[in-house]
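Chemist: What follows is a protein structure lacking sequence information:
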C-alpha cells in the first residue's frame, strides 16, 4: 500500500485539544519529526484538519 511522509512544522501549543490529539494520532510529538503513514482517506482527513501544523514531504 502507498505511504506518505508527514513532517510537523509548528508547535501544537495554543491550538485546540482536538488538533493536539490529531497530531498524536498521526504519531507526531515534536517539531521537525517525520512519520511515514499509509495513504488512506482517514489519514488524509487528519492531515487536512491540521494542515497549518504539518507538511507532506515528497
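Modeler: Structure's in. What do you need? What you see is a predicted model; the values in this text were computed from it and never measured.
Chemist: List the buried residues in stretch 14-29.
Modeler: 19, 22-23, 26, 28 (16 or more other CB atoms under 10 Å). C-beta: built from backbone N, CA, C; applies to glycine.
Chemist: repeat for stretch 45-58
Modeler: Using 16+ other CB under 10 Å as the test for burial, stretch 45-58 gives 46-47, 50, 53-54.
Chemist: Would you convert these into JSON lines that also reports pLDDT?
Modeler: Putting these into JSON lines (pLDDT from 0 to 100) gives the following:
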{"residue": "46", "pLDDT": "97"}
{"residue": "47", "pLDDT": "97"}
{"residue": "50", "pLDDT": "98"}
{"residue": "53", "pLDDT": "98"}
{"residue": "54", "pLDDT": "98"}
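Chemist: can you tell me which two in those are farthest apart?
Modeler: 46 and 53 (11.1 Å; CB to CB).
Chemist: Stretch 33-49 spans what distance, first to last residue?
Modeler: 18 Å (CA to CA, to the nearest Å).
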